[in-house]
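Enquirer: Generate coordinates for the sequence data below:
(2 chains)
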2 protein chains.
Amino acid sequence: MLKRVIAYAHELLENSVKPGETVIDGTCGNGNDSLFLSNLVGSDGNVLAFDIQEQAINNTRKLLENEAKNNVTLIQESHHKILEYLNEDQRERIGGAIFNLGYLPGSDKEIITKPESTISAIEVIGSFLKPGGIIVLVVYHGHPGGELEKEELLNHLGKYDQKKFNVVRYGFINQKNSPPFVLAIEKK
Amino acid sequence: MLKRVIAYAHELLENSVKPGETVIDGTCGNGNDSLFLSNLVGSDGNVLAFDIQEQAINNTRKLLENEAKNNVTLIQESHHKILEYLNEDQRERIGGAIFNLGYLPGSDKEIITKPESTISAIEVIGSFLKPGGIIVLVVYHGHPGGELEKEELLNHLGKYDQKKFNVVRYGFINQKNSPPFVLAIEKK
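Expert: Have a look, this model is predicted:
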């Protein structure tokens, strides 16, 4: 069966992230991906989870507490400042990352991810990503500003050197209401 | 690891085609997909393999003879005439199909698949496809005429009723020389 977009995004990380690694949730939102990553890296691993919104940080904290997870560091900050939050070891090797691009479901639709900060975060993570590691972007683009971010990302990632990275696009083309699609960046 | 396009195309069929089924190779070319499908459906199944070029039919016949396969019917005809070649049973249930769109590698680049006949073949197969069955299109589009076929297919399949079909696009976006991508049509 053709995989749903979220299932495909998670499968890519399940197949590439190993226990004990440091991984990034670029947009923790309601915490589902932070919890998913927390389980993947296990008690010896670390998740750095970013979000600019207090509501997102609080929702994620609550979810993780309910699941008794203590390997996630919540950072209320734009993901483009990620470099400041990586220690020496983490700068050597990041296991993977996920971003949900768009707005926080159930919140203010005017607070959205922006192409320049998204791209900036991807560049930093890409430089520290392990060979075979994957950055997964789940691109929601039905909201105002979403189409611009989508186009800038496609344009930017389409120019990535194919000797250094593979970039795949995966998504359904016959669904109404601009469903999200996946952009996956794999380091060679 | 992010799957190559051909590996992804084959995986979709491996996961949906069952032994004993009738399946379609819409463009047998040099016979690789016919052989692949022949193995999937086994000795109780059937492969109908179409190509308009004698060279393709001959190449495929040779490959299948070398592999001692006798469950493939080679048909030198455009795939848009497929309906004429389906018997009553086959009209009830097709297990899956694959098309390589473009020109026959190593042959005349002016003999190419055309959007209207490709779409016509897809419509027929789609109407007889089993629920959960998949039509896989590997879209080569770097040749003259290729861009047109790509755009017409995307436009046509993008309008498929999402209650009846899922249509996925999968491909690398940062490779030189217009690499092929996959369009996969799954019947619900």
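
Enquirer: So in chain A, which strand runs the longest?
Expert: The longest strand of chain A (DSSP state E) is strand A:129-139.

Enquirer: That strand: which residues count as buried?
Expert: For strand A:129-139, burial by neighbour count (16 or more other Cβ atoms under 10 Å in any protein chain shown) applies to A:129-130, A:133-139. All C-beta spots, glycine's among them, are computed from the backbone N, C-alpha and C.

Enquirer: Also stretch A:90-105?
Expert: A:90, A:94-104.

Enquirer: For A:K18, the count of nearby residues, please.
Expert: 15 (other Cβ atoms under 10 Å in any protein chain shown).

Enquirer: how close does it sit to B:V17?
Expert: Here A:K18 is placed at a distance of 33 Å from B:V17 (Cβ to Cβ, to the nearest Å).

Enquirer: ok, now A:E152?
Expert: From A:E152 to B:V17 the distance is 40 Å (Cβ to Cβ).

Enquirer: circling back to that earlier point, can you list the buried residues of strand A:129-139 in CSV and add pLDDT and distance to chain B?
Expert: As requested, those are exported to CSV (pLDDT from 0 to 100; distance: Cβ to the nearest Cβ, whole Å):
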residue, pLDDT, distance to chain B
A:L129, 97, 13
A:K130, 97, 13
A:G133, 98, 11
A:I134, 98, 7
A:I135, 98, 11
A:V136, 98, 11
A:L137, 98, 12
A:V138, 97, 15
A:V139, 96, 12
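
Enquirer: For chain A, which segments count as strands?
Expert: A:22-25, A:46-51, A:72-76, A:94-101, A:129-139, A:165-172, A:181-187.

Enquirer: between the third one and strand A:46-51, how big is the angle?
Expert: Compare the direction of strand A:72-76 with that of strand A:46-51 by axes from the mean of the first three to the mean of the last three Cα atoms, to 10 degrees and you get 20 degrees.

Enquirer: Quick one: name the residues of chain A near chain B.
Expert: A:1-2, A:12, A:15-16, A:132, A:134, A:154, A:157-162, A:165-176, A:183-184, A:186 (Cβ under 8 Å from any Cβ of the partner chain).

Enquirer: which of those residues count as buried?
Expert: Buried among those (16+ other Cβ under 10 Å): A:2, A:12, A:16, A:134, A:154, A:157, A:160, A:165-175, A:183-184, A:186.

Enquirer: Right, I'll leave it there.
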